[in-house]
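Visitor: missing the sequence, but the structure's below:
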């Protein structure tokens, strides 16, 4: 569990492994005037995926320390992972930068979705699909255009791994997007650490009696509004 101190924002990340070495990862780190947001999920179970996820995280940190921008870092890591990983292995990953002065998130999402943007003005949930291929599927020459999310006061970015959306009840019903949307609408005023707990609790209650098959990762970013700032 990790929280970065970010002025004007409430930021929270949490990882619940399945018990065997998993392949989920997240990063929330302030670099200059920006917050780097990463959530990834490497295919498969065991040490292979865990290793590839950690390697990707390390490669990204090095790239940014060397002054690479989001696109350069994404390409470098993608092409390195494509070279290193076996053909049936890849990593889905959301990588973005929150510009703290402009309150905008520029991101690429390699196969990682759904991405949820909660808008406080009308308390509505907006879902976004991945923008490009998962990391490491094929070598790329360019990343394509980054997507931009504007974060108004009270807005949330909610990144949850498949471990939440695909958690099945004992009737085989997945937890799904609608339940997540309801929880976010109902609890969006809570601190993000508490919202994370509510989502996790609801997921595990939904799957009561069913063992956790997949890592669960939650990354929550909220722009504080004046009243709760």
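Guide: That came in fine, so what should we check first? If you're wondering where the values come from, they're calculated on a predicted model, not measured in any experiment.

Visitor: Just the strands from this structure, written as ranges.
Guide: 9-16, 24-31, 34-42, 91-99, 104-110, 115-119, 124-128, 147-150, 156-160, 216-223 (DSSP state E).

Visitor: Now the fourth one: average pLDDT?
Guide: The one in question is strand 91-99. Average pLDDT, strand 91-99: 95.

Visitor: Who are the packing partners of it?
Guide: strand 34-42, helix 47-65, helix 70-84, strand 104-110 (3 or more Cβ pairs under 8 Å, 6 or more residues apart in numbering; DSSP states H and E). In short, each C-beta sits where N, CA and C put it, glycine included.

Visitor: returning to what we had before: would TSV of the strands of the chain with distance to residue 62 and mean neighbour count be doable?
Guide: Putting those into TSV (distance: least, Cβ to Cβ, whole Å; neighbours: other Cβ atoms under 10 Å) gives the following:
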stretch	distance to residue 62	mean neighbour count
strand 9-16	20	20
strand 24-31	12	19
strand 34-42	13	24
strand 91-99	14	24
strand 104-110	18	22
strand 115-119	26	19
strand 124-128	28	14
strand 147-150	25	15
strand 156-160	23	23
strand 216-223	21	24
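
Visitor: Quick one: closest of the ones you listed to residue 75.
Guide: strand 104-110 (9.8 Å; Cβ to Cβ).

Visitor: now that closest one, how far from the chain's geometric center?
Guide: Here strand 104-110 is found 10 Å from its chain centre; the criterion is Cα atoms, centre = their mean, to the nearest Å.

Visitor: between the helices and strands packed on strand 91-99, which one is nearest to residue 160?
Guide: strand 34-42 (8.4 Å).

Visitor: pLDDT of that closest one, averaged?
Guide: Strand 34-42 comes out at a mean pLDDT of 92.

Visitor: Please apply the same query to stretch 104-124.
Guide: Rounded mean pLDDT across stretch 104-124 is 96.

Visitor: Could you tell me how far that stretch lies from the centre of the chain?
Guide: Computed by Cα atoms, centre = their mean, the chain-centroid distance of stretch 104-124 equals 10 Å.

Visitor: thinking again about what came up before, would you reformat the helices and strands packed on strand 91-99 as TSV and include distance to residue 118?
Guide: Compiled in TSV, the helices and strands packed on strand 91-99 are given as follows (distance: least, Cβ to Cβ, whole Å):
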stretch	distance to residue 118
strand 34-42	15
helix 47-65	26
helix 70-84	23
strand 104-110	13
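
Visitor: Of all these, which one comes closest to residue 216?
Guide: Closest approach to residue 216 among these is made by strand 34-42 (10.3 Å; Cβ to Cβ).

Visitor: Just checking the distance from that closest one to the centre of its chain.
Guide: 6 Å.

Visitor: which helices and strands does that strand pack with?
Guide: Strand 34-42 packs on strand 9-16, strand 24-31, helix 47-65, strand 91-99, strand 156-160, strand 216-223, going by 3+ Cβ pairs under 8 Å, 6+ apart.
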